[in-house]
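Engineer: need coordinates for the following:
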Amino acid sequence: MQDRQHAVLIVEDNPPNMALFHRILVGKDYSVLQASRPSEALTIASKHPVDIVLIDIKLPEMNGFRLLIALRNVSSYQNVPAIAVTANDVVSDRLMYKEAGFSAYLQKPVIPTVLLNAFADAFDEW
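Structural biologist: Numbering: from 1, shown residues only. Okay, here's the model as predicted:
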């Protein structure tokens, strides 16, 4: 259990995945903000600082890589850890995620303990 409630922005366009992430994180006492589109995420980011961002890579409007670049232009998001979530599992892509600025890369379907461990690791590095 953490000392304080961490705020999380989840950007996921698939409702069942969003519900799963929300349930896992709220169950561990995270405060969750949700966006199903990158434009929604950027609006939220302009008003609400968070401690970590969970971003699906395949999104409408722009992909997760482009969204992370846009979020980094919001002053309160410049150094916030970001975790990528994707259905792809190409080993060579893992380096690409790190180079893009993601703290971690998770493959769908996401296992709850793997998600929570990725959050813990991101906070330890932060």
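
Engineer: contacts and neighbour counts: CA atoms only from here.
Structural biologist: Will do.

Engineer: all helices of this structure, in order?
Structural biologist: Using DSSP state H, the helices of the chain run over 15-27, 38-47, 64-72, 91-100, 112-125.

Engineer: could you check the last one and say which residues are buried?
Structural biologist: This points to helix 112-125. Leu115, Ala118, Phe119, Ala122 (16 or more other Cα atoms under 10 Å).

Engineer: what's the burial count for Leu95?
Structural biologist: Other residues within reach of Leu95, judged by other Cα atoms under 10 Å, total 11.

Engineer: meant to ask about Tyr77
Structural biologist: By the measure other Cα under 10 Å, the count of residues near Tyr77 is 21.

Engineer: identify the residue spatially nearest to Gln5, adjacent ones excluded.
Structural biologist: Tyr30 (5.4 Å; Cα to Cα, 6 or more residues apart in numbering).

Engineer: before we move on, what about Ile24?
Structural biologist: Closest residue in space to Ile24, ignoring its immediate chain neighbours: Pro112 at 6.4 Å, by Cα to Cα, 6+ apart.

Engineer: what's the pLDDT at that neighbour?
Structural biologist: Pro112 is assigned a predicted lDDT (pLDDT) of 96.

Engineer: and the buried residues of helix 112-125, which two are furthest apart?
Structural biologist: Largest separation among the buried residues of helix 112-125 by Cα to Cα: Leu115 and Ala122, giving 10.6 Å.

Engineer: which residues touch the nearest residue to Tyr97 once chain neighbours are set aside?
Structural biologist: Nearest non-adjacent residue to Tyr97, counting by Cα to Cα, 6+ apart: Tyr105, 6.7 Å away. The contact partners of Tyr105, by Cα atoms under 8 Å, 6 or more residues apart in numbering, come to Ile83, Ala84, Val85, Thr86, Arg94, Tyr97, Lys98.
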